[in-house]
Structures are given as structure tokens and as C-alpha cells.
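Q: return a 3D structure for these sequence lines:
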Amino acid sequence: MPRTPLSDGVRFAFGTLTALPVRVTRWDRGAARGGMQCAPLAGLVVGLCAAGAGGVLTALGAGPLLAATATVATPAALTRGLHLDGLADTADGLGSAKPADDALRIMKQSDIGPFGVITLLFVLLAQVAVFFQLYETSWARGAVAAVVSATTARVALTLAARDGVPPARPEGLGAAVAGVVPRGRAWAVAAVVACGAAAAGLPLGTADAVRGAAAVVLALGTAELLLRHCVRRFGGVTGDVFGGLAETAATGALVVLALG
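A: Numbering: from 1, shown residues only. All right, here's what the predicted structure looks like:
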């Protein structure tokens, strides 16, 4: 595969994984490979925006609950809710216990079923609860959590796009990015983000640095289990599965950061 300019990969990452006004100039396998490798960069920007929203409200005198709600709402707004929608659709598909073709058909429907509603409810409650807890301690801890969770969410997508992971459908985002990232490079990106999370937590203390790295590792492990289950159930990945993996990784990282 010919080498893709970095700018094309960055455009692909921001144009497909965020609602920011970035135009995707190339939509081919090379651009997809670069884009999925740059996915954590998009997560970093989303996380910084989320931390900023919580920081502004905190500076204006808002309580930790309102700041936490804004921090959770910001990534949803910056992705047009696509990852949350993917989580709900994936939950409906898995919860249906139907054969792969029927489950995929359920996931394509525009409505959300009971499994999706319940999953969204508890995931959003968990995210707000973690940020509330961290903001009660200090805005800095909440800000670090916002960046680490958003970045980890996108690393889960990099890993899900590694070679050997097939698409469940011949069309859609899942087919466009499935198998485009070399396996070794995907894990290298994950290692860099884990080190970055540790570095982000270090100014808050050694324990926070360790917790940051652990949050990335454990969250990606949880997302990997979901990925493998989805591949077994659906025959591969879809755009909805990517959204579900992102929200699973983000929530898993936040839960680890709230412990201890």
C-alpha cells in the first residue's frame, strides 16, 4: 500500500470521528489506514474540549454535578452522538440473541430498543458519576480523566481496525476501515497512549500516573473482549460496533480512574 500523507490521515480521523468542520479529501484504504492511526489525536482534541467545558463552568461557580454533565455532553456533541448511537445499536444487536443477519438488520433500524436504552442510561450515569467524584476532588483530576478517556476511546478504534479483524458488511464505515492498520502499529499506538496517560497523571502524583496507565490498559482490554464477542456474533465489525467500542473504552477508563 503506497504511503499516505499525514494530512490525509488527520483529515480522515477528524472528518469521520468528530463533527468538527474538517473535510475528508480522500476516502480510500490508504487514507483510512492513516486516519485510524491518527484516531487518538482526534480523541485528544475532544477530551481537551470536554475538560475545557467543565473548567469554564467550574470557574463560573457551577457545582461538580453540572461540570460533570457538561464534560460528558461535550464529546457527545462533538461526535453528533454517533458513538452513543453505535453503543445502543450494538447493545440491541447483541441483546436480540438472533442470528448474525437478523442482528445486523436490527442494528440498522433507526429506532432504539430496550437493550440500547438501558445500556445508554447506565453508561451515561457512570460517566457523570465519575466526573462528579473527580471534580469534587479537583478540576485537574477531572480534566485529566476527560482527556485520557476520550483518547483511550479512539485507541480502541485503532485496535479494532487492525489487520485480521473482518467487516461484518461489505459496505459502511466498518468495511472502509476494517483491517487497514498493521497489527504491530496498532499496539504501538496503544502503548504510546498508555505512556501519555501516565505522563498526564504524573503532576498529580505517582499514584495518578500509575492509575492513568492502568486505565488505558484495562479499558482497552475490556473493549477487546467486546470486539471479539462482536466478531463472533456478527461475523465482523460495523460502524455501530466501532461506536460501541469507543464508549466502552471511555467508560472503562473512567471507572479505573475513579478507583482508589
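Q: quick one, helices of this structure?
A: Listed in chain order, the helices of the chain (DSSP state H) span 6-17, 29-37, 39-59, 64-78, 82-95, 100-108, 114-137, 139-160, 173-177, 183-201, 206-234, 239-258.
Q: compare those helices and give me the one nearest Arg23.
A: Nearest of these to Arg23, taken as C-beta to C-beta: helix 6-17 at 6.4 Å. Where you see a C-beta, it was placed from the backbone N, CA and C, and this is true even at glycine.
Q: what does that closest one rub up against?
A: 20, 22-27, 30-39, 41-43, 45, 79, 154, 157, 173 (C-beta atoms under 8 Å, 6 or more residues apart in numbering).
Q: can you give me the buried ones in that helix?
A: For helix 6-17, the neighbour count (16 or more other C-beta atoms under 10 Å) marks Asp8, Gly9, Val10, Arg11, Phe12, Ala13, Phe14, Gly15, Thr16, Leu17 as buried.
Q: ok, stretch 210-228 next?
A: 211-220, 222-224, 226-227.
Q: name the nearest of these relative to Ala97.
A: Nearest to Ala97 among these, with distances taken as C-beta to C-beta, is Leu226, at 16.3 Å.
Q: follow-up on the earlier one: okay if I get the buried residues of helix 6-17 as a markdown table plus distance to Gly201 and pLDDT?
A: What follows is the buried residues of helix 6-17, written out as a markdown table (distance: C-beta to C-beta, whole Å; pLDDT from 0 to 100):
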| residue | distance to Gly201 | pLDDT |
| --- | --- | --- |
| Asp8 | 33 | 86 |
| Gly9 | 28 | 85 |
| Val10 | 26 | 91 |
| Arg11 | 31 | 92 |
| Phe12 | 30 | 91 |
| Ala13 | 24 | 92 |
| Phe14 | 26 | 94 |
| Gly15 | 30 | 92 |
| Thr16 | 29 | 91 |
| Leu17 | 24 | 92 |
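Q: report the residue spans of the stretch 1-150 of the chain with pLDDT below the cut-off.
A: Low-confidence regions of the stretch 1-150 of the chain, defined by pLDDT under 70, span residues 1-4.
Q: one more: the stretch 151-260 of the chain?
A: For the stretch 151-260 of the chain (pLDDT under 70), the answer is none.
Q: which one of the buried residues of stretch 210-228 is nearest to Trp187?
A: Out of the buried residues of stretch 210-228, the member with the shortest distance to Trp187 (by C-beta to C-beta) is Leu220, at 9.6 Å.
Q: ok, now how distant is that closest one from Ala150?
A: From Leu220 across to Ala150, the span is 14 Å (C-beta to C-beta, to the nearest Å).
Q: ok, now Gly252?
A: 13 Å.
Q: these two: who's more crowded?
A: Counted by other C-beta atoms under 10 Å, Gly252 and Ala150 do not tie: Ala150 has more neighbours, with 29 against 24.
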